[in-house]
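Participant: A structural model of the following input is requested.
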Amino acid sequence: MAQPIPFSRKTGAARARHDKAMLLPIARQVADDLALRVHLALDALRRGAGSTSDAQTLTQVMLLTGFLAESGFGSTTGEQIGAAERAVSAVFDIGRETGEWRLDSAGFALFAEIASNYDRQLHSAPLWAITDASERLDRFTAGLSYQTPVRKRA
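Facilitator: Just a heads-up that it's a prediction; the model follows:
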């Protein structure tokens, strides 16, 4: 005689907790740790004591901030992202050429604003938006399409 497959009754409750967690902002300590990493990279580049890793951190935050703003969390303009992209590109070019990883004062001002915006986004955006932005960044770095797919509405 066939035995019935035991289904856990906790599945629905676990899914409900997961769904609820996706609607809430990330834990304050996690948001603070992520933001601190960005502010430290920004400060190192301001002082001329930065590295490739610091420039990569700012590039990632620039993209994440833009992705979160596209999802409706925070305000970042295309012009601001374009200017930041040019500034960090100069950091990479000069850093590779001279070994000095530094942001000029205009680049610092741009990224200070982006870092502050990222700070606010981490403390207010729901987990689903941060997860989505992070997945888009992963696709972007892998050279895949990073555009958010258009979702069908019922």
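
Participant: Just the mean pLDDT for the one helix or strand R17 maps to, thanks.
Facilitator: Counting by DSSP states H and E, the element that carries R17 is helix 10-23. Average pLDDT, helix 10-23: 72.

Participant: residues making contact with whichever helix or strand comes after that helix?
Facilitator: Note on helix 10-23: by DSSP H and E, the next helix or strand toward the C-terminus is helix 28-47. By C-beta atoms under 8 Å, 6 or more residues apart in numbering, the surrounding residues in contact with helix 28-47 are 25, 50-51, 53-55, 57-58, 61, 91, 101-103, 108, 111-112, 115, 118-119, 122-123. The C-beta positions use only the backbone N, C-alpha and C, and glycine is treated the same way.

Participant: Which PyMOL command selects the buried ones in those?
Facilitator: Buried members of these, identified by 16 or more other C-beta atoms under 10 Å, are gathered into one PyMOL selection as follows:
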select buried, resi 25+50+54+55+57+58+61+91+101+102+103+108+111+115+118+119+122
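
Participant: Sort out for me which of the contacts of helix 28-47 are in helices.
Facilitator: 53-55, 57-58, 61, 91, 108, 111-112, 115, 118-119, 122-123 (DSSP state H).
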